[in-house]
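Engineer: Model the structure of this input:
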Amino acid sequence: MNTTTKNMNGKPVLWREAKTVVTFDSKAFQEKGLCDGITINTGDSCKFSCSFCYVGSQMWKLDHELVKSYNKEHSTALNFEDVVIRRKQPLEVLKKQILDKESNTKQKYLHEHDNRVVYSSTLVDVAANMELLRETAEWVNFILDKTFWQIRLLTKSSLLYKLVEDKMVPDKTKSGSRFSHHQRLIFGFSTGTLNDDLANAFEKGTARVSKRIEGLHWLQDRGFRTFGMICPSLPQENYETFSKQMCDALRPEKCEKIWAEVINVRGESFKRTYEALLKAGFKDDAERLKSVSDSPQAQQNWEQYARQTFEAHAKNLPHGKLRFLQYVDRTNATWWGAQRDHGAVLLGKYALDNNLCLNEPSAPAAYYE
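Structural biologist: Just a heads-up that it's a prediction; the model follows:
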């Protein structure tokens, strides 16, 4: 097994062989409106350590032998969230997926009107440090050169703007394209709070929220395409005040869309986040979270928390800007279904079975033929 000679955020870096970095049928993220079914991941486990992260439960089956082998070799007892897992030679893997297998030069995705949106990443942060940002720049340049796709990038880092400021992605125009490389990039910075210290309680290793907002504004002030991501947000004492402050910070008039989501049950996410909040001294936030996750009225309280968050965002954002991600079942689908015109995006098996999922292109109509 290979590891790098250094750690990331104190985590050992493990490498694995991979046959793919592109997934062409990411229906779950297409249903969220984040892409047109194409996602790119160059790693399995992140440099950051967010208490609400769902990736471990999703990837453990694939990666547990890798982590187990590392533990045996180094006499450690690390879990999935204690390591960074990267895929070997991601650009070469990408080339094999994108280029024609016979000639390895012919471009398979060369139709000038194929402007689908690619989303990265569903598993790891694309800009967690400069090393990973350079890796992102490599595959971003390749996609921009070899296809007509658009690329949506989401981060909890403050470094993402350096892709364009430092000319890691040059602003050139592919022959036959209606748009320059920079016009085909859509930048987003994820945060569920504007409080630096609160975010640090449950998002270990990430950039300070204030720095993420600075990066977002830098891009917006220079005319780059951006989107907002208020995710995940905790139960609030005053939802209207929280939403107004978040929306004002994101500057919705400069965002194509703003996604939002409350914290959902994903493995031990509630428990880990509750304990992290208590440890950091945010007792009131911890107790509000406990009321929607571990109390006699938890289910009722959680639904009220989701609805109040949605209603505040729907009030504070211009019509058509909000995409509020909400998993539904037979008990609440009627109410949420009535909110789709106001920005609710219904998810989950019940929504899929009952044709309640979002069904529209990921990018604005101006970027489609």
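
Engineer: Please enumerate the helices of this protein.
Structural biologist: Ranges of helices in the chain, per DSSP state H, are 27-31, 55-74, 90-98, 130-146, 162-165, 196-202, 209-221, 239-250, 269-279, 283-293, 298-316, 333-337, 349-353.

Engineer: in the second one, what's buried?
Structural biologist: Same thing as helix 55-74. 55, 56, 58, 59, 60, 63, 66, 67, 70 (16 or more other C-beta atoms under 10 Å). C-beta here means a position set from N, CA and C on the backbone, and glycine is covered the same way.

Engineer: Which of these sits closest to residue 221?
Structural biologist: Nearest to residue 221 among the buried residues of helix 55-74, counting by C-beta to C-beta, is residue 55 at 32.7 Å.

Engineer: distance of that closest one from residue 27?
Structural biologist: Look at residue 55 and residue 27: by C-beta to C-beta, to the nearest Å, they are 18 Å apart.

Engineer: same question, residue 160
Structural biologist: Distance, residue 160 to residue 27, using C-beta to C-beta: 26 Å.

Engineer: These two: who's more crowded?
Structural biologist: Neighbour count, other C-beta atoms under 10 Å: between residue 160 and residue 27, residue 160 has more, with 27 against 11.

Engineer: Nearest to residue 261 among the helices of the chain would be which one?
Structural biologist: Nearest to residue 261 among the helices of the chain is helix 298-316 (8.7 Å), distances taken as C-beta to C-beta.

Engineer: Show me where the stretch 201-350 of the chain dips below the pLDDT cut-off.
Structural biologist: 265-267 (pLDDT under 70).

Engineer: Verify the stated contact: residue 194 with residue 209.
Structural biologist: Yes: in this structure residue 194 lies within contact range of residue 209 using C-beta atoms under 8 Å: 5.8 Å.

Engineer: Determine which member of the two has the greater number of neighbouring residues.
Structural biologist: More neighbours surround residue 209 than the other of residue 194 and residue 209, with 24 against 18 (other C-beta under 10 Å).

Engineer: What about the nearest residue to residue 31 once chain neighbours are set aside, how many residues nearby?
Structural biologist: Nearest residue to residue 31, sequence neighbours excluded (C-beta to C-beta, 6 or more residues apart in numbering): residue 357, at 4.6 Å. When neighbours are counted by other C-beta under 10 Å, residue 357 registers 19.

Engineer: show me where pLDDT drops low in the stretch 51-200 of the chain?
Structural biologist: Using pLDDT under 70, the flagged stretches of the stretch 51-200 of the chain are 100-108, 110.

Engineer: Try it again at 50.
Structural biologist: Applying pLDDT under 50 to the stretch 51-200 of the chain flags residues 103.

Engineer: Spatially central, which residue of the chain would that be?
Structural biologist: Nearest to the geometric centre of the chain sits residue 154, at 5.0 Å (C-alpha atoms, centre = their mean).
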